[in-house]
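**Student:** Test case, fold it:
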Amino acid sequence: MSRIGNKHILIPQGVTVTFADGVISVSGSKGTLTQKIDKVVTPKIENNQILFVKNDAEQETDAKQGLYRALVANMVKGVSEGFEKTVLINGVGYKAQVNGKKIVLNLGYSHPIEVEIPADLNVVCPSVTEIKISGIDKQRVGQFASNLRDLRPVEPYHGYGVRYSDEVVIRKVGKAAGKGKK
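**Tutor:** Numbers count the residues shown, from 1 in each chain. Next up, the predicted model:
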């Protein structure tokens, strides 16, 4: 039994949801998102709510019911409110700036790194060490933030690198910790 899949999704004011030919489409003030739905699950749209109904009783169907419910819930939130992820840069001389459709990162390498910003995302640098990524698709926002983080993962001794704003970095003590009187 899927606990997540059995929950209703409330459709906020200004958001329209349609289902036709195995594709669910969610439109709102910020844009439109679509998702293909497997035939083992059927969405029922009524009274400003969406409920996903299983077509058979297999365990795999329970998983897909929860999966599609979560994906559509993220779509509804994305087109009404949007998603935002903040990435922080820490290090001597490390900085970021947005130039047109590219973000230029200086991360301690011998050359600056230029990353193309996808058309459906909005990237802003409020300061040279902070990058805010926003968009309507949760997966695209998270993947772009992850791609930036992978350019220079945080090292545990000084904390230099690129990390999420809510990420906890466990710092290690250097060589000096092992030295002492015997």
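**Student:** Quick one: low-confidence residue ranges for this protein.
**Tutor:** Scanning the chain for pLDDT under 70 picks out 1-2, 177-182.
**Student:** Would you map the helices across it?
**Tutor:** Applying DSSP state H to the chain gives helices spanning 59-80, 138-151.
**Student:** Pick the most deeply packed of those helices.
**Tutor:** Ranked by mean neighbour count, the helices of the chain are led by helix 59-80 with a mean of 18 (mean count of other CB atoms under 10 Å). Backbone N, C-alpha and C define where each C-beta goes, glycine included.
**Student:** Who's the closest spatial neighbour of residue 78, skipping the chain neighbours?
**Tutor:** Among residues not flanking residue 78 along the chain, residue 136 sits closest, at 4.0 Å (CB to CB, 6 or more residues apart in numbering).
**Student:** That neighbour: neighbour count?
**Tutor:** 25 (other CB atoms under 10 Å).
**Student:** Which residues are in contact with the most centrally placed residue in the chain?
**Tutor:** The centroid of the chain falls nearest to residue 142 when counting by CA atoms, centre = their mean (2.5 Å). Going by CB atoms under 8 Å, 6 or more residues apart in numbering, residue 142 touches 83, 85.
**Student:** likewise residue 30?
**Tutor:** 78-82, 136.
**Student:** The residue nearest to residue 78 reaches residue 120, doesn't it?
**Tutor:** Yes: between residue 136 and residue 120 there is a contact under CB atoms under 8 Å: 7.3 Å.
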